[in-house]
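# Requesting a structural model of the entry that follows:
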Amino acid sequence: MDWLMHWLPEGVSTYSGTVDGLFKLILIVTGVAFVLTEVLLVVFAWIYRRRDGRRATYTHGNNTLELIWTIVPAIFLVFLAFATARGWKTIKGTIPATDEVVTVTGQQFSWEFRYRGVDGAFDTPDDVVINDELRLPVGKPVKLRLRSKDVIHSLFLPHFRLKQDAVPGLTIEVWVEPTKTGTYEIACAELCGFGHTTMRAMLFVLSAEEYAAWLAEAQAAVVPPAEPTAGAPGATETQQQAPPA
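So this is what the prediction gives:
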């Protein structure tokens, strides 16, 4: 059945197989229902076509058939709900314990990725801030803290089967664990303005050693803004100008 999924990008996260399995199941169920419905449509259109000498008859319907085509889809929907519950709990319900955290902020029309600096805290002067390039280690879960500065955006990682809205005023946490190194595309899947189509970024999945070396180098390159020195002009008092001659 892999031929059903050949048109999707390669799945490279720990739960991409779960998402693909659910997608395949739903595609099969809805595909069978579609084919059956279309076949019956053609058959009944042929059987009850207009013919000379045959008068149309009125019918109020068939209660038994109506129960069947109501109950059977309901059973399938309940089945699909139970089938997706486990995957939903894995992907959305729990976030594995991890030390790797990245704050992702959407804004018209770019993505900002923020890593903790050497102080180990976010939103401090030594944060590592990079636009439109996200780097993650392979084989390790990473928590992504989604935010938005202006309108609703949607972080879409097709190869990782992850899509989550970023909503102004909220911090929404999701996670992903890459299983393969490489370069992948990040897109915004929510119409966010005139430049929506240009809101693209790249995701680089590195080996654990490469990621650690890159992060250490990026942290070392950050130069926090210097704090004003007490007594210096502009710090606690204003420099006095000489009176005009």
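
# lowest-confidence helix or strand of this protein?
helix 63-88 (a mean of 88; mean pLDDT, DSSP states H and E).

# which ones are touching Lys92?
Val174 (CB atoms under 8 Å, 6 or more residues apart in numbering). Heads up, the C-betas are built off the backbone N, CA and C, glycines and all.

# about what we covered before: and the helix or strand following the least confident helix or strand of the chain, average pLDDT?
Going down the chain from helix 63-88, the next helix or strand is strand 101-107, by DSSP states H and E. In this model, strand 101-107 carries a mean pLDDT of 96.

# Tell me which other helices or strands strand 101-107 touches.
Judged by 3 or more CB pairs under 8 Å, 6 or more residues apart in numbering; DSSP states H and E, strand 101-107 is in contact with strand 110-115, strand 133-137, strand 142-148, strand 153-157, strand 162-166.

# Out of the ones you listed, indicate the one that is most buried.
Most buried of those by mean neighbour count (mean count of other CB atoms under 10 Å) is strand 153-157; its value is a mean of 23.

# Give the rounded mean pLDDT of it.
Strand 153-157 shows a mean pLDDT of 96.

# Can you check what angle separates it from strand 101-107?
Following axes from the mean of the first three to the mean of the last three CA atoms, to 10 degrees, one obtains 130 degrees for the angle between strand 153-157 and strand 101-107.

# Residues touching strand 153-157, excluding its own?
13, 104, 106-107, 111, 144, 146, 162-166, 174, 176, 184, 186-190, 192, 199, 203.

# From one end of stretch 143-154 to the other, what's the distance?
For stretch 143-154, the separation between the terminal residues is 16 Å (CA to CA, to the nearest Å).
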